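A.B. asks: okay, predicted coordinates and the sequence, questions at the end:
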Amino acid sequence: MKWVIRVIGIVGILLIALFVVAAVLPIPTDPALVEHGAGASSIEPSFSGLQREFPPINSPAGNPTTPEKVELGRLLFFDPVLSANNDIACADCHHPDLGFSDGRATAQGPAGQELSRNALTLWNVGYNQHLFWDGRVTSLEEQVLTPLIHEDEMGANEEDLVAELESITQYMALFESAFGGGPESISLENVQNALAAFERTLVTNDSPFDRYAAGDFEALTPQQRRGLALFRSGATRCFECHAAPTFATETFRVIGVPSDDPGRYAVDSNHPVGAFRVPTLRNITLTAPYMHNGSLATLEEVVEFYAEGGGRAHGMENVDPFVQGFDLNDQEKEDLVAFLLALTDESQLPTVPSSVPSGLPVTTRVTNPVREDVAAALLEPAGTLPATRNPMTITVAAGEPIQAAVDRARPGDTILVPYGEYHETVVIDSSDIRLLGIPNESGEWPLLDGRGELADGIIASGNNFEVGYFRVVDYNDNGVLVEGVTGVHFHDLYVERTGTYGVYPVQSTNIVIERVEVTGVDDAGIYAGQSENVVVRDSVVYGNVLGIELENTVGGEVYNNHVYDNSVGIFLVLLPNLTSKISAQAQVYDNLVEANNHENFAPEGNIAGVAPPGVGILILSSDENEVYDNVIKDNKSTGVAIFSLVSTGFFEEIDVGPNPENNWLHDNAYTNNGYDPDPFVRNLGIPTGDIIWDGTGIGNVFDEPDVGVTFPPLLPTSNWPAFLENAYWQALNFVVGLVS
């Protein structure tokens, strides 16, 4: 018997040792964010909410821009002396008359050989954090080196180049003026520094769109304004990837252009094959042909490509979820192209030197055939903004469209819409506008009816925007879309069958949504995306795929809502490949979340389509949320689910912290959840009931004294000491790893 006791003792000691080790082992956590990217970037005060802050110029501390460097860089840019055979200048592939591109499908090498990719424009290149189509370098200084020394491009040899520049008296003086240090100032590094300094001055920011955003609402033609509305609409979702003011984003996406080029994947295998950087649309009309391989000759072809769903039309997989295709008529496609023309501005086009210090021939000017067409399509600057006046109330006249009254409005005005039926899309860009319906004697609100033909009911980009007392029905993409706004108030709205979203604030700050009823949408009834400080209260959502969704949003308060008969009731989520990299700090309380068992009817390819029906509250990779005092009942798959993006297996590329961390559930009332789980949940092979947690993420606490069946059966509470939680997390994830 002694040996038995001894073995038991040894086993006990080993278990204690394992527990101690587990308790002190570090737990992987998501990296801290310096800048999260959520919320509005609009300027205040402003005439319209379309005015946005440009990001900082990407300029390293070691190469501050000076006039001397810029002038030296300008001359070097046009001087063939930088190439091995003195026959190619930077300007040959980035010609100022061709939008700093070259007008070719793919760039051409010194021997006439075709290179693999289209020459990207240099307009606004100083704002880019990733350079080249595949983002392989992160500074202009690094970028300019590649074409300088690559054998298929300029093919320069460092020693020969420096020696040749040193032999040119004018360059000796220019380098000394720019960098100091005498003869040592001429170096390959300083060639890079000067070229980068020049390229940072290639800024375009005074297009007709910019003048329109600044308050000159006559700067765009009616057709261009219609195109702007389409650009921002849920029909096309162009603005999701080409965001103002740069009309680009620092993301890499698979749009599905047929090609064998691996794109970003060759640089970082965490990205899918065929992902490329999202380029700017500024001066896009000057830089044809388009795409990374120049395979689309015109903007009309580009619009048609996206309308067909990009690579989806060719059976390609892994096409970005924002490239879903859209149904525009011929006039709408023309309107969209007309708006892209309004992003043209060459007011800061640098002067092409008549000669360069080497004495070699300077790149000749060329005729860009689209320039004349673009100029004819753009309005001349008015020179002055409309005169300001005191705020006033404008009432829509009988038989008048709402848009006509909106177009007369100025910041501070209230627009009143009498009871009646209106069949239009209303676009509001002025700041400080109130759009309010006038009920009839029975208390019924005016009706905005898209008749299944129009994309969006209301699109607004003005700061401090209020809308209320409307019914919005039968639009194909969104009921009310507000983008990039600071100060949003939605209230007293009934929204039905409006496509993707009912009410849809995105990239906005300080949002209040109250007394809103939404039903019949194929994504989220109430949605706030990439936003900051969002309140959703006193609202009713039912019959949608997702009831209330806060996506990549920080600072939410969701309370006193009735959420029922959706596929998922309340959804707090962090998704990859968006500008905002955070989802955190929502309070969800005093809601009735019941019977969210509706079949998922999201369109094929839509991310919402992966949500399993029957979930009351789903927290996916979101952090620091508090869920309390809710009634959560009769949800067939589970009451509350907390999961990591990794656990879903739905995303190849994850550029956000995927673990749900520091969420606190407490004092919720659970009844009859998990009684008939969806096949996706059932196939996990775990017990279903009130709470399902996949075990990922540290700091998740469950103070739920009256909870029923949970997975895992033992959940951490706030009474657990840190070492116990740490040890339990390690053990739980070890077991999950064995069985998964």
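C.D. replies: In hand now; what should we look at?
A.B. asks: how close does the closest residue to residue 528 other than its chain neighbours get to residue 554?
C.D. replies: Distance criterion CB to CB, 6 or more residues apart in numbering; nearest residue to residue 528, sequence neighbours excluded, is residue 534 at 4.4 Å. Any C-beta I mention is one placed from the backbone N, CA and C, and that applies to glycine too. Going from residue 534 to residue 554 by CB to CB, to the nearest Å gives 9 Å.
A.B. asks: tell me the contacts of the closest residue to residue 241 other than its chain neighbours?
C.D. replies: Leaving aside its sequence neighbours, residue 241 sits nearest to residue 278 (CB to CB, 6+ apart; 4.9 Å). Contacts for residue 278 (CB atoms under 8 Å, 6 or more residues apart in numbering) come out as 241, 242, 248, 249, 250, 251, 252, 253.
A.B. asks: can you report phi and psi for residue 278?
C.D. replies: The phi/psi pair for residue 278 (degrees, to the nearest 10) reads phi -80, psi 110.
A.B. asks: for it, list each beta-bridge partner.
C.D. replies: In this entry, residue 278 is beta-bridged to residue 249, by DSSP bridges.
A.B. asks: name the element residue 193 belongs to?
C.D. replies: Using DSSP states H and E, residue 193 sits within helix 188-199.
A.B. asks: quick one: the following helix or strand past that helix to chain centroid distance?
C.D. replies: Next helix or strand after helix 188-199 toward the C-terminus (DSSP H and E): helix 208-213. Mean-position distance between helix 208-213 and its chain equals 22 Å (CA atoms, centre = their mean, to the nearest Å).
A.B. asks: what helices or strands is helix 208-213 leaning on?
C.D. replies: Judged by 3 or more CB pairs under 8 Å, 6 or more residues apart in numbering; DSSP states H and E, the packing partners of helix 208-213 are helix 222-232.
A.B. asks: quick one: contacts of the helix it packs on?
C.D. replies: Counting by CB under 8 Å, 6+ apart, 208-209, 212, 220, 236, 238-239, 242, 328, 332, 334-342, 425, 427, 455-456, 459, 461, 481, 483 sit against helix 222-232.
A.B. asks: so what's residue 710 up against?
C.D. replies: If a contact means CB under 8 Å, 6+ apart, then residue 710 has 687, 689, 690, 691, 692, 693, 702 as its contacts.
A.B. asks: between these, which sits nearest residue 38?
C.D. replies: When the contacts of residue 710 are compared for distance to residue 38 (CB to CB), residue 693 wins out at 25.2 Å.
A.B. asks: the closest residue to the closest one other than its chain neighbours: neighbour count?
C.D. replies: Nearest residue to residue 693, sequence neighbours excluded (CB to CB, 6+ apart): residue 642, at 4.6 Å. For residue 642, the tally of surrounding residues (other CB atoms under 10 Å) stands at 27.
A.B. asks: state the mean pLDDT of the helix or strand encompassing residue 642.
C.D. replies: Element membership for residue 642 (DSSP H and E) is strand 638-643. Strand 638-643 carries an average pLDDT of 96.
A.B. asks: after the helix or strand of the chain with the lowest mean pLDDT, next one along is what?
C.D. replies: One helix or strand of the chain scores below all others by mean pLDDT, DSSP states H and E: helix 2-24, with a mean of 39. Once the chain leaves helix 2-24, the next helix or strand it forms, by DSSP H and E, is helix 67-77.
A.B. asks: so what secondary structure elements neighbour that next one?
C.D. replies: The contact analysis (3+ CB pairs under 8 Å, 6+ apart) places helix 67-77 against helix 90-93, helix 169-179, helix 188-199.
A.B. asks: format the ones you listed as CSV; extra columns: mean neighbour count, mean pLDDT and distance to residue 258.
C.D. replies: As requested, those are exported to CSV (neighbours: other CB atoms under 10 Å; pLDDT from 0 to 100; distance: least, CB to CB, whole Å):
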stretch, mean neighbour count, mean pLDDT, distance to residue 258
helix 90-93, 23, 92, 24
helix 169-179, 18, 93, 45
helix 188-199, 23, 95, 31
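A.B. asks: quick one: closest of the ones you listed to residue 296.
C.D. replies: Residue 296 lies closest, by CB to CB, to one member of these: helix 90-93, at 19.3 Å.
A.B. asks: who touches the closest one?
C.D. replies: Around helix 90-93, the neighbours that count as contacts under CB under 8 Å, 6+ apart are 76-78, 82, 101-102, 107-108, 119, 144, 147, 153-154, 195, 352, 363.
A.B. asks: what subset of these is buried?
C.D. replies: 76-78, 82, 101-102, 107-108, 119, 144, 147, 153-154, 195, 352, 363 (16 or more other CB atoms under 10 Å).
A.B. asks: and the residues you listed, which is closest to residue 711?
C.D. replies: residue 119 (54.5 Å).
A.B. asks: correct me, but the closest one touches residue 105?
C.D. replies: No. In this structure, residue 119 is not within contact of residue 105 by CB atoms under 8 Å, at 9.8 Å.
A.B. asks: between these two, which contacts overlap?
C.D. replies: The contact sets of residue 119 and residue 105 do not overlap (CB under 8 Å, 6+ apart).
A.B. asks: count residues in the vicinity of the residue nearest to residue 528, would you?
C.D. replies: 27.
A.B. asks: which stretches of the chain have low pLDDT?
C.D. replies: Along the chain, segments meeting pLDDT under 70 span 1-28, 32-34, 382-387, 652, 734-740.
A.B. asks: since that was my last question, I'll sign off now.
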